[in-house]
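Sequence and predicted structure, then a few things I'm wondering about:
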Amino acid sequence: MKRIRFWGTRGSLPVALTAEAVREKLITALRGASGRTFATERDLDDYVRGLEWHVAGTYGGHSSCVELETGDPHYILCDLGSGVRPFGQSVLARHGAASPQTYHIFMSHVHWDHIMGFPFFTPAYMPGNRIHIYGGHAVLEEALRRQQAPPFFPVDSSALRADIEFVRLYPGTRYSLAGMDVTLKRQQHSGDSYGYRFEANGRTVVYSTDSEHRLDDPQEIDNFVEFFRDADVVIFDAMYSLAEAISVKADWGHSSNIVGVDLCQRAAARHLCMFHHEPASNDETIDRVLADTRRYEEITRTGAPLNVTAAYDGMEIDL
Amino acid sequence: MQYSSRRFADVVVAAPAGRIDHANADEFSRALAPELDDRENRGALLLDFAGVDYISSVGLRALMVAAKRLRADQRRIAIAALQPIVREILQISRFDLILDVFPSVRDALAQLSMPALAAYDVADKRGPP
């Protein structure tokens, strides 16, 4: 495992930056630049790099899609949210349309935000491409084909000319897939979701999204600690605050930044990457949650430091 | 974790001490259970956290369960005398938005019940039992 690249990080529904939000970013940046001079492009670049992320950047708005790079020539993805559209375009730009590729796609579940990008995944329409879609749900193929059936979408799934294979996986089995050791874990979410633990080249990445953690079930908490054990990166559903996740949004199937830190600290994981951001949260809110979470990690730390980040569309983590 | 409780008029002041985490959150819940199950008592539960130096997500859940139970019985719950670290944990987890937080036990009693405050002041002058 060499790298993680995020193509979609938003939960539940894609969102877009509004004109008002861009205006606020510009005003904040210009106010901060007042009285300063920028003699070179480098000066400008340094100034922009020094701004907070919610001013100089954005977390983005595509729904779940994460790429794992192992160094092998095939492509590995987790989920087919709207982020798979720019992923597909980037592959085509890199190789051209005439060069068939192989894709291995691991599905957490088939809720709409995790499959909605597939009809816009151009490589799926191109003969010669091979697409292996893995998941724990029996309805995987049905869900992907049904969303392209009339009247939901103008292009039926019969137009998909790639060689597409659906493979059902089961928790409790260690699979050797796409050059990785893969195990999955059933998670609490409406209709179930599955988390994945990927191990390759001495590196471990856990993808655990759309997962509510029952804090009244110590055995299940321990099971997650073992699932996250010694992971280099845990990509974690941190959609809500803890107070929301166990009160007004209990049983909504999502977790919190606090539980993410607690589980990763107990598991001696090295990096918690908060994921599946609440669509109602703007960049400033996510920045504040990130700062809070880093502080929580600091004041509760008993062992080695846990690196805490918030995923954004386009973010890369080198392993 | 240690735990003690005292009654001042219609308010029970529960005072856990030490860490409340995955290792002893159940113990904390069991300690609180008699206060939650006491249907005769219509008064408030005040958690004196002066002795609590850490609370994890599992411990916070125990607080949430207690709050839900008491509110279902139209009883109040409040928390007082937080150590700085615990205050930060409540802020970061947003629990400070769903629990009434007070700087001291006396401040909390002044809001919860005047008879309880009077009883507390008498006991305070008399010293510990």
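It's in. Numbering: from 1, shown residues only, chains lettered A, B, ... in the order given.

Touching, residue A:120 and residue A:89? I think so.
No - counting by CB atoms under 8 Å, no contact exists between residue A:120 and residue A:89, whose distance comes to 9.3 Å. (Glycine included, C-beta is placed from N, CA and C.)

the more surrounded of those two?
Relative neighbour count places residue A:120 above the other of residue A:120 and residue A:89, with 17 against 14, counting by other CB atoms under 10 Å in any protein chain shown.

where does the residue nearest to the spatial centre of chain B fall, phi/psi-wise?
When chain B is reduced to its mean C-alpha position, the nearest residue by CA atoms, centre = their mean turns out to be residue B:47, at 1.1 Å. Dihedral pair for residue B:47: phi -100, psi 110, per degrees, to the nearest 10.

confidence score at it?
According to the per-residue confidence, residue B:47 scores 97 in pLDDT.

before we move on, what about residue A:293?
pLDDT, residue A:293: 96.

The host helix or strand of it vs chain B: in contact?
Residue A:293 is part of helix A:283-300, with elements assigned from DSSP states H and E. Yes - taking CB under 8 Å from any CB of the partner chain as the criterion, helix A:283-300 and chain B are in contact, through A:292-293, A:295-296, A:299-300.

residues in contact with that helix?
A:17, A:21, A:25, A:52-54, A:57-59, A:238, A:241, A:257-258, A:260-262, A:265, A:272, A:274, A:277, A:281, A:305-306, A:308-310, B:54, B:56, B:85, B:88-89, B:91-93 (CB atoms under 8 Å, 6 or more residues apart in numbering or on different chains).

Which members of the residues you listed occur in helices, if any?
Filtering the contacts of helix A:283-300 for membership in helices, criterion DSSP state H, returns A:21, A:25, A:53-54, A:257-258, A:260-262, A:265, B:85, B:88-89, B:91-92.

which of those are buried?
Among those, those classed as buried by neighbour count (16 or more other CB atoms under 10 Å in any protein chain shown) are A:25, A:54, A:257-258, A:260-262, A:265, B:88-89, B:91-92.

could you pull out the strands for the stretch 51-200 of chain A?
Taking DSSP state E, counting those that start in this stretch, the strands of the stretch 51-200 of chain A run over residues A:65-69, A:75-78, A:102-107, A:130-135, A:163-168, A:175-177, A:180-187, A:193-200.

And the shortest one, what's buried?
If you call a residue buried by 16+ other CB under 10 Å, then strand A:175-177 has no buried ones at all.

Tell me the gap between that strand and the middle of its chain.
For strand A:175-177, the distance from its own C-alpha centre to the chain's C-alpha centre is 21 Å (CA atoms, centre = their mean, to the nearest Å).

now swap in the second one and tell me
Centroid separation for strand A:75-78 versus its chain: 11 Å, with CA atoms, centre = their mean.

And the residue of the stretch 51-200 of chain A at minimum distance from chain B, how close does it get to residue B:117?
Going by CB to the nearest CB, chain B is nearest to residue A:188 of the stretch 51-200 of chain A, at 14.4 Å. Noted for residue A:188: a distance of 44 Å to residue B:117, by CB to CB, to the nearest Å.

higher neighbour count, those two?
Each of residue A:188 and residue B:117 had its neighbours counted (other CB under 10 Å), and the higher figure belongs to residue B:117 (20 against 17).

if I've got this straight, that one is in a helix?
Yes - with the criterion set as DSSP: H, G, I helix; E, B strand; the rest coil, the secondary structure at residue B:117 is a helix.
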